[in-house]
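Q: next input, structure requested:
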Amino acid sequence: MKYVRFSKVMVLAAVFAAGGCATSTLRNEQYRLPASYNFAFYDTYNGAARSFYAAHFAHFSVYETGLTKGEDDVEAMAALERSIRAYVGAPPVFEPPADVIAPQWSKLAFATGRSMDWTHMLHSQLYDILTDERVRDKKAAGERAIAYYLSNTASAFSTRGYGHRWMMGGGSWAGVFARKYPAINGILWAYHWHHAAVYEALMETDSATRLRAVDRVIRVFVDSVLVHPPRTMPLTAEIAPKFSRMFPAAAQIFDNLHMMHDVVNDIMVDERLTREQKTAEVERMRLNMMYASQDAVVAPGMPMGDPSMHMMSEGSMRVPTLLPDGTWLPQGHPDARMATMDEMMMPLLPAAPPHRHGPALDGEHSRSDGRPSGSDANLASHERSQ
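A: Residues are numbered from 1 along each chain as shown. Down below sits the predicted model:
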């Protein structure tokens with residue numbers, strides 16, 4: 001009789017294979033669409049590209065801090081805020097993935113981190129396409145990149161517009177992070193403005209004008225937007241109307257990514273939730289936001305807009321509203337406050353006077369007084385304050 005000697009490593013491997021497969025998360029990764037334009041944005045506008053790496057560091061570090069330091073550790077969050085602000089001036093050279101920035105949180109919500117990283121990849125590819133002079137048909141190349149992104153059904157966010165922060169109706173945790181840590185929340189919303197504003201700058205038709213426009217966005221972001229951050233989370237179509245007309249599905253994907261970032265912030269700093277409840281809530285909300293489930297999911301308290309047009313529904317401008325008794329009306333509630341266009345075009349200075357929009361021309365807002373409108377008005381408003 002022949003005897004086969006098994007090492008301890010082989011035995012342990014067999015045990016984990018038999019007992020762990022049912023509960024483990026597959027971590028297969030999909031690489032970005034191969035193309036000659038890849039990394040053109042990083043090579044051409046290095047400072048802008050790296051500034052987004054700082055934003056991703058900020059998001060995932062908030063999750064990790066809330067999980068490992070405690071939901072109410074004010075000192076830890078203050079130290080994190082200092083680190084984030086330091087990264088504004090000296091951002092990372094390369095982008096680390098979620099599980100490197102937030103290793104403990106990634107064990108709790110790996111699928112969500114993967115969805116976020118996958119969508120950051122789409123961000124990068126569309127920046128690359130708009131940057132590379134060799135890409136003549138920007139729309140065709142962008143649509144191909146979006147289709148490739150959506151092919152990863154396990155990670156792709158929905159192309160449907162659920163409105164402005166519709167997840168405020170998602171649970172008792174809604175809005176907790178902004179109330180506990182308004183300074184960091186303001187930085188994160190400022191970065192969301194920054195993402196969209198760079199897209200709009202890249203819509204310029206020649207490289208010299210694009211360079212000036214991107215430089216202008218970075219200057220306004222650092223000198224003004226971070227100083228006076230948005231009071232509501234900016235939506236891509238409001239900050240980047242030209243980009244959103246060319247790629248309406250991408251605009252909604254990015255809004256859904258940013259809103260999911262906000263949801264995770266809220267869940268991770270809500271001390272009323274156990275670790276198991278946080279895991280379940282993050283996954284529940286992620287599944288609600290997936291492209292694969294968008295035909296079956298209806299935003300809470302809101303009718304859907306026309307799905308074929310990727311439009312926001314009628315109630316999407318009604319923002320979460322604090323009532324005198326301390327309770328909140330959710331996004332889209334018929335009695336919730338209707339946000340003004342100024343708020344949706346954030347960031348504007350708190351003291352900025354309201355203005356009237358003239359007739360819409362070619363899908364953009366014009367002004368009866370001849371002053372700039374749309375994202376140009378955002379930038380001009382901040383530059384006048386300097």
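
Q: where in the chain is pLDDT low?
A: Scanning the chain for pLDDT under 70 picks out 1-28, 163-170, 296-321, 327-334, 339-386.

Q: which parts of stretch 47-65 are buried?
A: 48-65 (16 or more other Cβ atoms under 10 Å). Where you see a C-beta, it was placed from the backbone N, CA and C, and this is true even at glycine.

Q: just the ones of those residues in helices?
A: Using DSSP state H, the members of those that fall within helices are 48-65.

Q: A strand includes Ser106, no?
A: No. Note on Ser106: no strand contains this position according to DSSP: H, G, I helix; E, B strand; the rest coil, which reports helix.

Q: the nearest residue to Ser293 once chain neighbours are set aside sits in which helix or strand?
A: For Ser293, the nearest residue in space outside its immediate sequence neighbours is Leu287; the separation is 6.0 Å by Cβ to Cβ, 6 or more residues apart in numbering. With elements delineated by DSSP states H and E, Leu287 resides in helix 275-288, which encompasses its position.

Q: which helices and strands sit right next to that helix?
A: In terms of contacts (3 or more Cβ pairs under 8 Å, 6 or more residues apart in numbering; DSSP states H and E), helix 275-288 is packed against helix 103-108, helix 110-131, helix 248-268.

Q: between that helix and helix 248-268, how big is the angle?
A: An angle of 170 degrees separates the directions of helix 275-288 and helix 248-268 when computed by axes from the mean of the first three to the mean of the last three Cα atoms, to 10 degrees.

Q: list the buried residues for helix 275-288?
A: Using 16+ other Cβ under 10 Å as the test for burial, helix 275-288 gives Lys278, Thr279, Glu281, Val282, Met285, Arg286, Asn288.

Q: closest to Ser158 among the residues you listed?
A: Proximity of those to Ser158 (Cβ to Cβ) peaks at Asn288, which lies at 8.6 Å.

Q: how near is the closest one to Phe157?
A: When Cβ to Cβ, to the nearest Å is applied, the distance between Asn288 and Phe157 equals 10 Å.

Q: who touches both of these two?
A: Residues touching both Asn288 and Phe157 by Cβ atoms under 8 Å, 6 or more residues apart in numbering: none at all.

Q: follow-up on the earlier one: the residue nearest to Ser293 touches Ala280, doesn't it?
A: No. Here Leu287 lies out of contact with Ala280, judged by Cβ atoms under 8 Å, at a distance of 10.7 Å.

Q: which one of the helices and strands packed on helix 275-288 is the most hemmed in?
A: For the helices and strands packed on helix 275-288, the stretch with the most neighbours on average is helix 248-268, a mean of 25; neighbours defined as mean count of other Cβ atoms under 10 Å.

Q: give me the packing partners of that helix, helices and strands only.
A: Contacts defined by 3+ Cβ pairs under 8 Å, 6+ apart place helix 248-268 against helix 46-68, helix 110-131, helix 138-150, helix 176-180, helix 182-202, helix 236-239, helix 241-246, helix 275-288.

Q: residue contacts, Lys278?
A: Leu67, Leu108, Ile267, Met268, Asp270.

Q: got it, and Gln252?
A: Remark: with contacts taken as Cβ under 8 Å, 6+ apart, Gln252 is in contact with Ser158, Thr159, Arg160, Gly161, Thr236, His310.

Q: give the helix, strand or coil label for the closest residue to it other than its chain neighbours.
A: Of all residues not flanking Gln252 in the chain, Gly161 sits nearest, at 4.5 Å (Cβ to Cβ, 6+ apart). The assignment at Gly161 comes out as coil when based on three-state DSSP.

Q: surely Gly161 touches Asp255?
A: Yes. Distance between Gly161 and Asp255: 6.9 Å, which falls inside the contact criterion (Cβ under 8 Å).

Q: now, among the contacts of Lys278, which is nearest to Val227?
A: When those are ranked by distance to Val227 (Cβ to Cβ), Met268 comes first, at 26.5 Å.

Q: find the nearest non-adjacent residue to that closest one, please.
A: Leaving aside its chain neighbours, Met268 sits nearest to Gly66 (3.7 Å; criterion: Cβ to Cβ, 6+ apart).

Q: what is the neighbour count of the one you found?
A: 29 (other Cβ atoms under 10 Å).

Q: just to revisit the earlier point, output the helix holding Leu287 as PDB - backbone C-alpha positions only.
A: Written as PDB, here are the backbone C-alpha positions of helix 275-288 (Å, rounded to 0.1, in the frame of the first residue of the first chain):
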ATOM      1  CA  ARG A 275     -20.900  46.100  11.900                       C
ATOM      2  CA  GLU A 276     -23.200  43.500  10.500                       C
ATOM      3  CA  GLN A 277     -25.900  46.000   9.800                       C
ATOM      4  CA  LYS A 278     -23.500  48.300   8.100                       C
ATOM      5  CA  THR A 279     -22.300  45.500   5.800                       C
ATOM      6  CA  ALA A 280     -25.900  44.700   5.000                       C
ATOM      7  CA  GLU A 281     -26.900  48.300   4.400                       C
ATOM      8  CA  VAL A 282     -23.900  49.100   2.200                       C
ATOM      9  CA  GLU A 283     -24.600  46.100   0.000                       C
ATOM     10  CA  ARG A 284     -28.300  46.700  -0.100                       C
ATOM     11  CA  MET A 285     -27.800  50.300  -1.400                       C
ATOM     12  CA  ARG A 286     -25.100  49.100  -3.800                       C
ATOM     13  CA  LEU A 287     -27.400  46.600  -5.400                       C
ATOM     14  CA  ASN A 288     -30.100  49.300  -5.700                       C
END
